[in-house]
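Undergrad: Give me a model of this one.
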Amino acid sequence: MKTKIIKVFTSAICLFSSLSLQYAHATSDIDFGMNLKRIIDKDRALYQIPGVEVTVISLKTGLISDFVSGTTTINGNTDVNDWNLFQVGSETKSFIAITLLQLEAQGALSLDDKISKWLLVKPEWSDITIRQLLNHTSGIYNYTDTLMMMILQNPDFDLSNQWTNEELISMSEDQPLYFAPGTGWHYSNANYTLAGMIIEKVTGHNLADEIEGRFTRPLYLENTYYIPGIYPQNILDRMAHGYSASGLFPVEPKDVTEANMSWANSAGAVVSTSHDMAMWLRLLANGELLPEKQNNELFELVNQADGKSIPSTMNASGYSLGLFHDYHSFNEETWYHSGGTLGYSALMVWLKSSNYIVAVNVNHINSDDPAKRDTYLLTRDLISYIQSDTLGD
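TA: Numbers count the residues shown, from 1 in each chain. Down below sits the predicted model:
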């Protein structure tokens with residue numbers, strides 16, 4: 001299987017020709033990149049992943065390296081290229097959180113607004129705030145649990161169905177709250193579907209247009225699209241085929257590339273490349289998207305055990321607004337988010353101590369547990385090598 005590596009760096013002619021001008025690793029520059037390449041190749045085969053995109057950014061030097069490995073289909077003949085698109089799932093949530101923080105900075109709303117100010121909701125939800133949606137302390141039931149059970153129980157489930165916001169939210173309305181708002185923590189895609197609806201209500205614009213106007217066009221994220229529906233042909237032609245291998249369907253691996261992504265909505269309907277997602281996370285890490293007040297809010301943590309705020313003075317793990325934070329997943333302080341859809345998984349990680357960004361996309365999902373996904377395992381191995389090498393800097 002042929003593997004490609006693409007160096008994305010202004011005025012670079014080839015991948016490693018100019019690396020020695022930028023910085024020195026404990027190993028040689030060429031060995032560093034080639035060793036990353038070997039890890040990607042090895043893990044792709046080990047975890048039986050059809051295709052992989054990886055981007056590694058050194059925040060210390062600005063060096064950006066893009067890698068691809070494998071094929072766009074299982075046992076296929078078309079190599080993955082750096083322009084192939086992958087579903088990134090819940091990495092979408094950071095776009096929603098940043099949009100609402102920008103709207104707050106513009107005076108259009110407050111994160112402490114009750115959602116009932118903007119949406120007609122059931123009485124039990126009336127005191128839930130926008131902030132509680134974004135940090136998953138609302139207690140609102142996760143509608144995708146119902147949706148996945150529907151798929152699991154019905155082999156003939158129509159994957160082409162176009163779901164409306166109201167249809168998705170009705171699945172959550174039919175269930176009781178996990179807990180009284182603000183008294184616990186539970187991950188729920190309904191939170192971000194509601195957050196997307198608020199964005200549209202406040203701005204009067206389609207969410208896809210908001211994401212394009214605020215982020216993908218001005219920030220040159222030219223391979224990032226929010227598409228909560230059936231893909232148009234120009235997007236479909238660029239998609240690496242996605243495969244379910246998580247036990248959701250009677251016969252797997254199942255190609256679900258053409259499934260309608262309206263079910264993921266503003267909780268997870270972005271398609272992108274690892275390059276764009278790494279660049280996006282770098283912008284977040286560098287504080288380039290928000291004024292100071294809102295940037296501080298972005299990184300305010302709540303405890304995933306009880307939903308209580310964690311003082312900024314504490315070195316603690318938790319969830320902020322669209323990002324996880326801990327010290328153990330990758331053996332150092334990290335900010336990250338995973339993404340999983342019916343046939344794709346993704347992970348973007350900011351290694352705060354090592355000063356690196358790593359983004360990985362694969363066209364395969366093997367588990368509903370993010371910590372058991374092949375994406376996580378591959379990323380863990382890459383990061384372990386990066387950390388061992390930077391010890392010599």
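Undergrad: Quick one: end-to-end distance for stretch 109-124.
TA: Distance between the two ends of stretch 109-124: 22 Å, counting by C-alpha to C-alpha, to the nearest Å.
Undergrad: do the same with stretch 100-109
TA: Between the opening and closing residues of stretch 100-109 lies a distance of 8 Å (C-alpha to C-alpha).
Undergrad: show me the contacts for the residue nearest to Ser188 when sequence neighbours are not counted.
TA: Leaving aside its sequence neighbours, Ser188 sits nearest to Asn142 (C-beta to C-beta, 6 or more residues apart in numbering; 4.0 Å). (C-beta placed from N, C-alpha, C; glycine too.) With contact set as C-beta atoms under 8 Å, 6 or more residues apart in numbering, Asn142 has these partners: 172, 186-190.
Undergrad: same question, Met277
TA: The contact partners of Met277, by C-beta under 8 Å, 6+ apart, come to 55, 88, 91, 224, 346, 348, 359, 361.
Undergrad: Strands of the stretch 101-250 of the chain, residue ranges please.
TA: For the stretch 101-250 of the chain, the strands identified by DSSP state E, counting those that start in this stretch occupy 225-226, 243-244, in order along the chain.
Undergrad: Sorry, slip of the keys, the one I care about is the stretch 251-393 of the chain.
TA: Assigned strands in the stretch 251-393 of the chain, in chain order: 254-255, 270-272, 301-302, 309-310, 318-319, 324-326, 334-340, 345-351, 356-362, 364-365 (criterion: DSSP E, counting those that start in this stretch).
Undergrad: TSV for the ones you listed, including mean pLDDT?
TA: Formatted as TSV, the entries for these read as follows, by pLDDT from 0 to 100:
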stretch	mean pLDDT
strand 254-255	98
strand 270-272	98
strand 301-302	97
strand 309-310	96
strand 318-319	96
strand 324-326	96
strand 334-340	97
strand 345-351	98
strand 356-362	98
strand 364-365	96
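Undergrad: Of those, which is nearest Ala371?
TA: Across the strands of the stretch 251-393 of the chain, the minimum distance to Ala371, taken as C-beta to C-beta, is reached by strand 334-340, at 8.6 Å.
Undergrad: what angle sits between the closest one and strand 356-362?
TA: Counting by axes from the mean of the first three to the mean of the last three C-alpha atoms, to 10 degrees, strand 334-340 lies at 10 degrees to strand 356-362.
Undergrad: Does anything pack onto strand 334-340? Which helices or strands?
TA: Contact partners of strand 334-340 among helices and strands, from 3 or more C-beta pairs under 8 Å, 6 or more residues apart in numbering; DSSP states H and E: helix 92-105, strand 324-326, strand 345-351.
Undergrad: From the contact counts, what lies against the second one?
TA: On a contact count with 3+ C-beta pairs under 8 Å, 6+ apart, strand 324-326 meets strand 318-319, strand 334-340.
Undergrad: Return the distance of the longest one from the chain's centre.
TA: It refers to strand 334-340. Averaged C-alpha coordinates place strand 334-340 at 6 Å from its chain's average position (C-alpha atoms, centre = their mean, to the nearest Å).
Undergrad: Likewise for the first one?
TA: With C-alpha atoms, centre = their mean as the basis, the distance from the averaged C-alpha position of strand 318-319 to the chain average is 15 Å.
Undergrad: So which residues make contact with it?
TA: For strand 318-319, contacts defined as C-beta under 8 Å, 6+ apart pick out 135-136, 185, 301-304, 310, 324-326.
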